[in-house]
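1. any chance you can model this:
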Amino acid sequence: MSKLRRLIDLPGVRDLEDKALMQPRYADADARSTYPEIDEVSRALFGLTQDEADDVTRPEGWDRIERKPVRDQVIAFEAEGWDVTDDRRRPLRMFDHFAPQLWLALRGVAGELPFQAEADPDEAVYSSLAADAAKFRRDRR
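-> From the prediction side, this is the model:
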């Protein structure tokens, strides 16, 4: 199974998450009018803001996933290869500000997914070698 991409690791998201921890108002639904950096991060990551995402016409058969309970969305995002939780596996405080854009981009309806560099194929080899060396040292004891 491939590694999940983490929303919190995208540029600007962790900073907003930290701000929401210190000032819970950041996570409020209407916070974007007070804190323009939320829309700036959204546009930089997905090519559209939440308001623009809300205005996008959904295709026929759209399941309204962005309106389902957060826990259901967390599970659905994981099935799509995305982790939208914090380091303690709780949904991000800023989740509601980015979920619609991420759903639209994931499904190819609007916006875009942030660039992700291809994994270094040598990294898997080095990781495997390190695991083999650790096993060899354990077995020799």
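2. just the strands in the protein please.
-> Secondary structure of the chain (DSSP state E): strands located at 5-6, 82-83.
3. reformat those strands as a markdown table; add mean pLDDT and mean neighbour count.
-> For the C-beta atoms, the positions are set from N, CA and C on the backbone; glycine is no exception. Converted to a markdown table, the strands of the chain look like this (pLDDT from 0 to 100; neighbours: other CB atoms under 10 Å):
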| stretch | mean pLDDT | mean neighbour count |
| --- | --- | --- |
| strand 5-6 | 96 | 16 |
| strand 82-83 | 96 | 18 |
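4. which stretch among the ones you listed comes nearest A29?
-> strand 82-83 (21.6 Å; CB to CB).
5. count of residues packed around P24?
-> Number of residues near P24 (other CB atoms under 10 Å) recorded here: 11.
6. likewise Y26?
-> Quick note: Y26 (other CB under 10 Å) scores 21 neighbours.
7. need the pLDDT of it.
-> pLDDT, Y26: 95.
8. verify the stated contact: it with L92.
-> No. Counting by CB atoms under 8 Å, L92 is not a contact partner of Y26; they are 11.1 Å apart.
9. wait, which of the strands of the chain is closest to W62?
-> Comparing those by CB to CB, strand 82-83 comes nearest, at 18.3 Å.
10. strand partners (parallel or antiparallel) of the closest one?
-> Strands that pair with strand 82-83, judged by DSSP bridges, come out as strand 5-6 (parallel).
11. tell me where this structure is predicted with low confidence.
-> Flagging of the chain using pLDDT under 70 yields the residue ranges 1-2, 116-128, 130-131, 133-138, 140-141.
12. and E40, how many neighbours?
-> Applying other CB under 10 Å, we find 14 residues neighbouring E40.
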